[in-house]
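Participant: No letters, just coordinates:
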């Protein structure tokens, strides 16, 4: 069920992108075929093998006259000064989204958590995947489970405007990017000759600017679902209001499946998640742990026709601190296939958490889970101050959200 204020565009073609190798091959292909503009907004962009691969593609595009804009989070991205200078020398326009204050060990302020690619106002990637080796399939190290939506069509100019607003924030007029003209965008989209209708709505969350559209999408999904909701949720720590919506949906007989990571990069977050297992089991919400690798995806599907996917984690950090971007899809043919794919992941790669399994936890372990939950809840809800550990990126909460 759509709300009146939701604005969907219909003339779109979509594809779910799951594998890391598939994602980065597609991203490089899009950059290489760009003719006019490339926008990338991403939380993490590391100067490792994967980051260098994409940076080289961006430099090639800039050298052939494409306008290339790269905006990374001022805290999440790990790049040397030399790496950044090479981008700028090649013609790539580079910026960091900076918090109010940052140092080697901590920061205060919002985070730009969006993962968005827009090429020629015609092609786009929206999802949860950062640009770093942990998100790519490399020899001996498979990618973390993550998802993105590849989109061609009339919603893309709106996504370009989101990218431009992000780039232009805090810039003087002379350095600001300009949107592709509506006529040019329509001409390029018409040339795609898209035959299928796939309604898509752009959804944003930026609590500081009073935007809570993604939260509203989740609330609406739980309020109106009739049969089944499947959530793939990294760092799954729903707040009080979200839990009430989940409880009421379960009471109506909606089957709710929550897939979380079993192999976590952040021990504190995993303990905190497990504290909520008892609550979910008590409310007839099914819980599954993904066991093949780290689960980093952020998506939900409902009743085989509605879907939301993007950068938003179901926790108070995404709800109240970070700047997030999702897209909602309302299309039975496409979402039915995605829901089947999610259920296949559950069947093949997950362990179901049962009352019997949970009852085997020691009292000490449950105490640790409670303490982790309270500590993380306090950290995510009350303050925007986050400690940065000395650990490498795979173990640091700040680097992997």
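Facilitator: In hand now; what should we look at? Predicted, not measured: the structure shown is a model, and the values here were computed from it.
Participant: wait, what's in contact with the most centrally placed residue in the chain?
Facilitator: Nearest residue to the geometric centre of the chain (C-alpha atoms, centre = their mean): residue 311, 1.8 Å. Contacts for residue 311 (C-beta atoms under 8 Å, 6 or more residues apart in numbering) come out as 43, 113, 114, 115, 127, 128, 298, 318, 322, 324, 325, 326. C-beta coordinates here come from the backbone N, C-alpha and C atoms, glycine included.
Participant: go again using 7 Å as the cut-off
Facilitator: Residues near residue 311 by C-beta atoms under 7 Å, 6 or more residues apart in numbering: 113, 114, 115, 128, 298, 324, 325, 326.
Participant: cool, residue 268 as well?
Facilitator: Residue 268 touches 372, 376, counting by C-beta under 7 Å, 6+ apart.
Participant: Please tell me how far it sits from residue 280.
Facilitator: According to C-beta to C-beta, to the nearest Å, residue 268 stands 19 Å off from residue 280.
Participant: what do you get for residue 49?
Facilitator: Distance of residue 49 to residue 280, given as C-beta to C-beta: 38 Å.
Participant: Give me the more crowded residue out of these two.
Facilitator: residue 280 (23 against 11; other C-beta atoms under 10 Å).
Participant: ok, for that one, nearest residue in space, not its chain neighbours?
Facilitator: Computed as C-beta to C-beta, 6 or more residues apart in numbering, the closest residue to residue 280 that is not its neighbour in sequence is residue 287, at 5.1 Å.
Participant: What are the contacting residues of the helix or strand containing the one you found?
Facilitator: Under the criterion of DSSP states H and E, residue 287 resides in strand 286-290. By C-beta under 7 Å, 6+ apart, the list of residues contacting strand 286-290 from outside reads 145, 256-262, 277, 280-281, 346, 349-353.
Participant: Can you tell me which of those residues end up in helices?
Facilitator: Per DSSP state H, helices hold the following members of those: 277, 280, 281, 346, 349.
Participant: Just put these in JSON lines and tack on distance to residue 340 and pLDDT.
Facilitator: Converted to JSON lines, those look like this (distance: C-beta to C-beta, whole Å; pLDDT from 0 to 100):
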{"residue": "277", "distance to residue 340": "26", "pLDDT": "92"}
{"residue": "280", "distance to residue 340": "23", "pLDDT": "95"}
{"residue": "281", "distance to residue 340": "25", "pLDDT": "96"}
{"residue": "346", "distance to residue 340": "11", "pLDDT": "97"}
{"residue": "349", "distance to residue 340": "14", "pLDDT": "96"}
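Participant: Neighbours of the residue nearest to residue 130 when sequence neighbours are not counted, how many?
Facilitator: Of all residues not flanking residue 130 in the chain, residue 44 sits nearest, at 3.6 Å (C-beta to C-beta, 6+ apart). Other residues near residue 44 come to 24 when the count uses other C-beta under 10 Å.
Participant: Can you report phi and psi for residue 44?
Facilitator: phi -110, psi 130 (degrees, to the nearest 10).
Participant: With residue 49 as the reference, measure out to residue 141.
Facilitator: Counting by C-beta to C-beta, the separation of residue 141 from residue 49 is 11 Å.
Participant: circling back to that earlier point, just curious, which of the contacts of residue 311 is nearest to residue 20?
Facilitator: For the contacts of residue 311, the minimum distance to residue 20 (C-beta to C-beta) is 11.8 Å, reached by residue 128.
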